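K.L.:
Please find the sequence and the predicted model below.
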Amino acid sequence: ILSCAPKNQEQKDEATLKQDAKMEWWRDARFGMFVHWGLYAIPAGEWKGKEIPGISEWIMARAEIPVKDYEKLTEEFNPVKYNAEEWVKLAKFAGMKYIVITSKHHDGFAMFHSKASPYNIVDATPFDRDPLKELADACEKYGIRLGFYYSQAQDWHEPGGTYYNIEQGEPHWDPDLKREPLMNYINGKAVPQVKEILENYGGLDILWWDTPRGMTEEAAKALQAEVDKYPEMLTNNRLYRPWPGDFSTPEQHVPPTGLDYDWEVCMTMNTSWGYKKNDDNWKSSESLIRMLVDIASKGGNLLLNVGPTAEGLIPEPSVERLKEIGQWMQKNGESVYGTSASPFFKLPWGRCTTKEAESGNLLYLHVFDWPRDGVLRVPGLDARIKDVYLLTNKKQKFSYKFEGEDLLIHAPSVIFDPINTVVVVKTGKKM
Ligand SMILES: C[C@@H]1O[C@@H](Oc2ccc([N+](=O)[O-])cc2)[C@@H](O)[C@H](O)[C@@H]1O
């Protein structure tokens, strides 16, 4: 018998209640936009006319491009079609509640105005605007929370920065980049830049570190000291392997049974995070909607990625999918936002999310495939049923009966949403 009543407050200790308060907006949000944007959008997966395999934001490493050659990309980076409000409005229409953008990725280039390093978009390119300042203003205007991704360890531009095979003692691919101790880079660039992004953009809601490769406790402590000045800001689990942060970050996969702490899946819509012109391995909007519901039914968040072009435009296939996701979320968002995980282990026809209602609970049954016999079986539901209706048309009621502990819902012949039909079961306390 599954009681879907959440653990009551008094059982929770002080620290847990504090963390719950800190995580509440994020847990309710469930859905955010990840943005990988930088110099790598220019080569877009090709170098000297050759297709470079793998994710495009790693082209400098994959193609072993010397720093002085990669730096030349700054001369032609001028995203004049960039319109922060367009991005934010698109995210908002899709039903996303927060945006996390790459302020600096592993290539070391800052997508914000940085006094700590001249290798930044305002001082090193013809584009004399700070795109992250404009994004922060647009997020403020449209009520979207904002986070910055910052590659704290890997920095392929700096002598002290780490790189992917440093832990194996391999040399950096650019022999001209004389190695220096990590703390030179941490104290000389990373800490000053983290100060800048935490102070100069209206206060961030999330700092999304990546990756702990080559990090030391000393370096992590130096960076964490800056974060501690913003106790309400969330951070992920990628600063320093032993430190969990506020949430974990499964990459490109959904944990089969969820995780028993806060977690957020980051996922591409195609294969590469950064813009890659020949990467057309696009996931369908149907699979992306069902993925969001699957993740919410297991108590997690989805951070869905876009890789804008060097002109500053979100690729059309991404725009199309975000609009289709938005059409579904406009009608069914109630069954995702502010919900908790399913009380059921596995449901043959779909997924379930729950929400506490004034006098009982709401079960949102997400029907991916309606049973051919027209009967929806909800196994082992120990609750008094108050109502069963279609989320998108509350007047559309469903008849039901119990067969033992299983609730059987009978579906009259109505047009269902082939992507995902949400049937709401309102339960009350057992008499
Ligand atoms: C979101 C992605 O994050 C990292 O890639 C990772 C990081 C961690 C794992 N991991 O822990 O499996 C895998 C890829 C980055 O290297 C990549 O470019 C992108 O930004």
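P.N.:
Received it, and whenever you're ready, just let me know what you need.
K.L.:
So, low pLDDT: which residues of this structure?
P.N.:
Residues of the chain that meet the criterion pLDDT under 70 lie in 1-11, 412-415, 429-431.
K.L.:
Can you pull up the residues of it that come close to the ligand?
P.N.:
Neighbours of the ligand within the chain, by Cβ under 6 Å from any ligand atom: 55, 57, 58, 210, 211, 251, 266, 273. (Glycine included, C-beta is placed from N, CA and C.)
K.L.:
Could you check which helix or strand contains the most centrally placed residue in the chain?
P.N.:
Residue closest to the mean C-alpha point of the chain, counted by Cα atoms, centre = their mean, is residue 303 at 1.7 Å. Per DSSP states H and E: residue 303 is located in strand 301-306.
K.L.:
Kindly report the same for residue 100.
P.N.:
Assigned by DSSP H and E, residue 100 belongs to strand 98-104.
K.L.:
Same question for residue 224.
P.N.:
Per DSSP H and E: helix 217-227 holds residue 224.
K.L.:
In CSV, list the C-alpha atoms belonging to that helix.
P.N.:
Output of helix 217-227 as CSV, limited to C-alpha atoms (Å, rounded to 0.1, in the frame of the first residue of the first chain):
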residue,chain,number,x,y,z
GLU,A,217,40.7,21.3,-2.2
GLU,A,218,42.8,24.5,-1.9
ALA,A,219,41.4,25.7,-5.2
ALA,A,220,37.8,24.7,-4.4
LYS,A,221,38.0,26.4,-1.0
ALA,A,222,39.2,29.7,-2.7
LEU,A,223,36.2,29.6,-5.0
GLN,A,224,33.7,28.4,-2.4
ALA,A,225,34.6,31.4,-0.3
GLU,A,226,33.1,33.6,-3.0
VAL,A,227,29.9,31.5,-3.2
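K.L.:
Which elements pack onto it?
P.N.:
Helices and strands touching helix 217-227, by 3 or more Cβ pairs under 8 Å, 6 or more residues apart in numbering; DSSP states H and E, are helix 182-185, helix 191-199.
K.L.:
Could you dump these into a markdown table with mean neighbour count added?
P.N.:
Converted to a markdown table, the helices and strands packed on helix 217-227 look like this (neighbours: other Cβ atoms under 10 Å):
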| stretch | mean neighbour count |
| --- | --- |
| helix 182-185 | 18 |
| helix 191-199 | 19 |
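K.L.:
Give the closest residue to the residue of the stretch 51-200 of the chain found nearest the ligand in space, chain neighbours not counted.
P.N.:
At 4.7 Å from the ligand, residue 57 is the closest residue in the stretch 51-200 of the chain, using Cβ to the nearest ligand atom. The spatial neighbour of residue 57 that comes closest, neighbours along the chain excluded (Cβ to Cβ, 6 or more residues apart in numbering), is residue 274 at 3.4 Å.
K.L.:
I'd say the residue of the stretch 51-200 of the chain closest to the ligand and residue 279 touch.
P.N.:
No - counting by Cβ atoms under 8 Å, residue 57 stays clear of residue 279, with 11.7 Å between them.
K.L.:
Which of the two has more residues huddled nearby?
P.N.:
Using other Cβ atoms under 10 Å as the criterion, residue 57 and residue 279 rank with residue 57 on top: 26 against 20.
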